[in-house]
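[1] Following is a predicted model, sequence given first.
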Amino acid sequence: MIEMYPDGDGEELTMPLIKYNPFHTDLDLFQDSLSRLFSEPTSRPWTPAVDIYENENELVFKADIPDIDPKEVGIQLENGTLTLKGERKFEQEKKSKGFHRIERGYGSFVRAFSLPDTVDPEKVKADYKNGVLTVTVPKKEIAKPKTINVQVQ
């Protein structure tokens, strides 16, 4: 139901009329929103988890991307930004009787990470094993730590 309300200029505005329910709680609204969010597997946002660590010689990115063909994953390095792109598609078998629960996320993802100036973009390597994409970005020789021995006299 929509009611009309005149504004100060004499024009009419439309506003939705919401019925008051004294027994409707915030928890009910939250549960309703969640059920709508998870009703369609393709409508859920999905972003793979990524671990980033650094050692003496390189910066390493490990992304969990199971059920994705590594040929379908895009890795781009441009203007100091490493970008990972891909898509996990929802494939429902026609023979199945139906799902009881769908908790894994599906759809396209894009992750972008700023890289320091100390890395060498020409020597980036990528490896995919057991559902984990590992991108290794070596450091420039200038950025590697150096040990200097001090002689005491």
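    Good, I have the coordinates.
[2] so where's this structure shaky on pLDDT?
    1-45, 92-97, 143-144 (pLDDT under 70).
[3] Now do the domain split for it, please.
    Structural domains assigned to the chain are 2-37, 44-91+103-142, following automatic domain parsing.
[4] how many neighbours does residue 61 have?
    By other CB atoms under 10 Å, the residues close to residue 61 number 21. Quick note: C-beta positions are derived from backbone N, CA and C, even for glycine.
[5] How about residue 59?
    20.
[6] Could you do residue 58 as well?
    Here the number of neighbours of residue 58 (other CB under 10 Å) works out to 18.
[7] repeat for the one 4 residues further on
    Applying other CB under 10 Å, we find 16 other residues in the vicinity of residue 62.
[8] Tell me what it is bridged to.
    Note on residue 62: beta-bridge partners by DSSP bridges are residue 51, residue 134.
[9] One more: residue 82?
    Applying DSSP bridges, one finds that residue 82 bridges with residue 77, residue 113.
[10] my guess is it contacts residue 136, does it?
    No. Here residue 82 lies out of contact with residue 136, judged by CB atoms under 8 Å, at a distance of 10.9 Å.
[11] what residues are up against residue 124?
    Contacts here follow CB atoms under 8 Å, 6 or more residues apart in numbering; on that basis residue 124 touches 75, 77, 82, 135-138.
[12] Any of those buried? List them.
    The neighbour count (16 or more other CB atoms under 10 Å) marks 75, 77, 82, 135, 137-138 as buried among the contacts of residue 124.
[13] now for those residues, which pair is the farthest apart?
    75 and 138 (14.9 Å; CB to CB).
[14] so residue 72 sits right up against residue 87, yeah?
    Yes. Using CB under 8 Å, residue 72 is in contact with residue 87, at 6.7 Å.
[15] Can you add distance to residue 91 and give the buried ones among the contacts of residue 124 back as JSON lines?
    Formatted as JSON lines, the buried ones among the contacts of residue 124 follow (distance: CB to CB, whole Å):
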{"residue": "75", "distance to residue 91": "24"}
{"residue": "77", "distance to residue 91": "31"}
{"residue": "82", "distance to residue 91": "29"}
{"residue": "135", "distance to residue 91": "26"}
{"residue": "137", "distance to residue 91": "33"}
{"residue": "138", "distance to residue 91": "37"}
